[in-house]
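Q: fold the stuff below for me.
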Amino acid sequence: MIVILGIRLEWNGLTLVYTADSQPSTFEAEQGTGADVFIHEIFASAEEFAHYNHMPIEAAYGVMEEHTTPAELGRVYTIAKPRLGVGMHFTLETTSSTRSSSAGERRTMAPCC
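A: Presented below is the predicted three-dimensional model:
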């Protein structure tokens, strides 16, 4: 079972829509239609997630059942047409902080914004 958190706040003629970890849906897009700010979670593709975390692709696809890829978020925003669309979650980047991989590079999952 996938639980989705989403809220739509309207105040003084302004609208803010926020959705947490979820698969994209037309319902989310409809709730975000015409919003001034639409904040939606975004996650790396299953392939990227598997690569950076040295995990089987099958496991990464399991993680993606509760997340939205960049391409999917683009489709949601195309339907919703918010004034400002904000993708939030994390990016995959190589840095000198956090965990070491077997190849000696150090990686982190950092906030995207």
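Q: from here on, contacts and neighbour counts on C-alpha atoms
A: Fine.
Q: relative to Phe43, how far out is Asn53?
A: Distance of Asn53 to Phe43, computed by Cα to Cα, to the nearest Å: 14 Å.
Q: those two: who's more crowded?
A: Neighbour count, other Cα atoms under 10 Å: between Asn53 and Phe43, Phe43 has more, with 23 against 14.
Q: look up the closest residue to that one, ignoring the ones flanking it.
A: The shortest distance from Phe43 to any non-neighbouring residue, by Cα to Cα, 6 or more residues apart in numbering, is to Thr69 (5.3 Å).
Q: again with Val76
A: Ala29 (5.2 Å).
Q: just say helix, strand or coil for that neighbour.
A: Following DSSP: H, G, I helix; E, B strand; the rest coil, the label given to Ala29 is helix.
Q: how many residues are close by it?
A: 21.
Q: contacting residues for it?
A: For Ala29, the contact set (Cα atoms under 8 Å, 6 or more residues apart in numbering) comprises 76-77, 79-80.
Q: most neighbours, which of those?
A: Using other Cα under 10 Å as the neighbour test, the contacts of Ala29 are led by Val76, with 24 neighbours.
Q: so which helix or strand takes in that residue?
A: Using DSSP states H and E, Val76 maps to helix 70-80.
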